[in-house]
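Novice: Predicted model follows, preceded by the sequence.
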Amino acid sequence: MAWFPRENYLKKIRDFYHAEDIIKVITGVRRCGKSCLMETIADELKQGGTPEENIFFYDLDSKDYNKIVKADQLKQLLESTPKAEGKKYLFIDEVQNVEGFETVLNGFRGSGEWSIFITGSNSYLLSGELMTKLTGRYIEFEMFPLSFEEYEKIKQFYDKEISPDRQEELQNYILEGGFPRTIFLDTMAAKRRYVQSVIGEIFEKDIRARLAIRNKNTFETVQKYIINHFGAVTSLKSLKKAIEQTGTPISEATLAKYIKALLDAKILYECPRFDMKTKKSLSGDKKYYLADLSFYFAQNTDNRVNYGPVLENITYVYARSHDYSVSVGRIGKLECDFILRDNEMQYSYVQVSYTTALSRETEDQEYKPLESIRDNYPKYVATMDTLLQRRNGIAHINLVDFMKNGKEF
């Protein structure tokens, strides 16, 4: 089977394909496509002349290798690989299953014979003491489920039907989500069941296995509440109060632990808030976005779409997949939905709304925060409107067209 090329990620990694001194670490929520990305890299290596016998794949979640959980077992496995002439390429899926994997991989990295690629489904992969000692010897490439841009391209790639109505196609993406496997499922019920199975897998393998959760029901209440309120400004104190109103008592310490577990498992992403006048991060209040909108719709039977947070979430995932750092901006009493920063430390500002066409008041609500920013970085109002305008140098863009064309802010 030919793999859909996730070009947004491949183009970041290609310069390091043959680097034996740097471990390539691909992270992301389970089932977002990390294994297929490594398969695509291997295919590109073969097309570039690398012999197939120089490429070694090990999926540590598979039945063939899931008993390998100790460093010495991993070392023995890698030492048993057949001899090959020239550089060898090592691909290991879900390497965090092995305690002390860093020491083993660092030894192979230092031999100068291997180019090493590894994946992991949670932030524990990069949080250990040994991984800290590898600083400067690995590069992380964070992967997300399909952005809307990729959602349309993967459907074209596998000859799946695409609605000619762009509004309907966006609605399909919102309700189905961006897990690549769902593209091959025909009904919404099947897609929802699949995402529910992913949530269960994440809990068992990435949360319960590493965190002592005494009350699963309490954890699930916290998880459901935060997922249901994605994109809302919140704090630990307000979350605690809201969850206790559902009849679930919880301490701030336990709540903080559960939120960190959801962040580490990459179900959620924390978007910090930034005061643009003082140029300081704001502690306390935060926004949480979902790695994929299907997490919300898989646990809710209501298909109605609240376009405010939904379009924000889509924009957040799109920006992160294009390698932007993202924060929420506050300017006095006004708020800018997103401040984006690229790798060259260039900024852009984005307001996201379903439409600005309802009234002058609606238009002012989106433009005024951007008009109050006194610098010359690009500023955008992103909506679903088809009639676009410019106001005080601020670009009004149609979000669907912008993403479909893979544009960058």
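Specialist: Perfect, thanks for sending it. Given the structure is predicted, the values throughout are model-derived calculations rather than measurements.
Novice: What residues of the top strand by length along the chain count as buried?
Specialist: Longest strand of the chain, by residue count under DSSP state E: strand 280-290. If you call a residue buried by 16 or more other Cβ atoms under 10 Å, then strand 280-290 has these buried ones: 286-290. Bear in mind the C-beta positions are built from the backbone N, C-alpha and C, glycine included.
Novice: before we move on, what about stretch 158-169?
Specialist: Buried, per 16+ other Cβ under 10 Å, within stretch 158-169: 166, 169.
Novice: Chain neighbours aside, what residue packs nearest to E201?
Specialist: Using Cβ to Cβ, 6 or more residues apart in numbering and skipping residues adjacent in sequence, the residue nearest E201 is R30, 5.8 Å away.
Novice: Hmm, V198 and the one you found touching each other?
Specialist: Yes: the criterion here is Cβ atoms under 8 Å, and R30 meets it with V198 at 6.0 Å.
Novice: The two: which is more packed in?
Specialist: Neighbour count, other Cβ atoms under 10 Å: between R30 and V198, V198 has more, with 24 against 21.
Novice: isn't the more buried one right up against P145?
Specialist: No: with contact defined as Cβ under 8 Å, V198 does not count as touching P145 (9.8 Å).
Novice: any shared contact partners between these two?
Specialist: Residues touching both V198 and P145 by Cβ atoms under 8 Å, 6 or more residues apart in numbering: 31, 179.
Novice: Without its sequence neighbours, what residue ends up closest to P309?
Specialist: Nearest non-adjacent residue to P309 (Cβ to Cβ, 6+ apart): G231, at 3.0 Å.
Novice: go on, L399?
Specialist: Nearest to L399 is A382, by Cβ to Cβ, 6+ apart, at 4.4 Å.
Novice: residues near that neighbour, how many?
Specialist: 26.
Novice: what's the answer for E220, then?
Specialist: Neighbour number of E220 under other Cβ under 10 Å is 16.
Novice: The chain should start at 13 in everything you say after this.
Specialist: Got it, first residue is 13 now, which makes that one E232.
Novice: Wasn't T313 part of a helix?
Specialist: No: applying DSSP: H, G, I helix; E, B strand; the rest coil, one finds T313 to be coil, outside a helix.
Novice: and the nearest residue to K79 once chain neighbours are set aside, how far is that from V210?
Specialist: Excluding its sequence neighbours, the residue lying closest to K79 (Cβ to Cβ, 6+ apart) is Q85, at 7.6 Å. Separation of Q85 from V210 (Cβ to Cβ, to the nearest Å): 28 Å.
Novice: can you check M396 too?
Specialist: Taken as Cβ to Cβ, the span from M396 to V210 is 29 Å.
Novice: quick one: contacts for the residue lying closest to A310 once chain neighbours are set aside?
Specialist: Once flanking residues are discounted, A310 sits nearest to V207: 4.0 Å by Cβ to Cβ, 6+ apart. By Cβ under 8 Å, 6+ apart, the contact list for V207 reads 189, 191, 194, 304, 306-307, 309-310.
Novice: Phi and psi next, for S175.
Specialist: Dihedral pair for S175: phi -70, psi 130, per degrees, to the nearest 10.
Novice: show me where the chain has strands.
Specialist: Using DSSP E, strands in the chain cover 35-39, 67-71, 100-105, 126-132, 150-154, 280-287, 292-302, 337-343, 346-353, 359-364, 391-395, 402-403, 406-410.
Novice: Would you mind putting these into TSV with mean pLDDT and distance to D27 alongside?
Specialist: Formatted as TSV, the strands of the chain follow (pLDDT from 0 to 100; distance: least, Cβ to Cβ, whole Å):
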stretch	mean pLDDT	distance to D27
strand 35-39	95	10
strand 67-71	97	19
strand 100-105	97	15
strand 126-132	96	12
strand 150-154	94	10
strand 280-287	90	26
strand 292-302	83	29
strand 337-343	91	20
strand 346-353	94	21
strand 359-364	96	25
strand 391-395	98	29
strand 402-403	90	37
strand 406-410	97	30
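Novice: Turn these into CSV, columns for distance to G259.
Specialist: Shown next, in CSV, are these (distance: least, Cβ to Cβ, whole Å):
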stretch, distance to G259
strand 35-39, 36
strand 67-71, 42
strand 100-105, 41
strand 126-132, 36
strand 150-154, 37
strand 280-287, 23
strand 292-302, 22
strand 337-343, 31
strand 346-353, 32
strand 359-364, 34
strand 391-395, 39
strand 402-403, 48
strand 406-410, 44
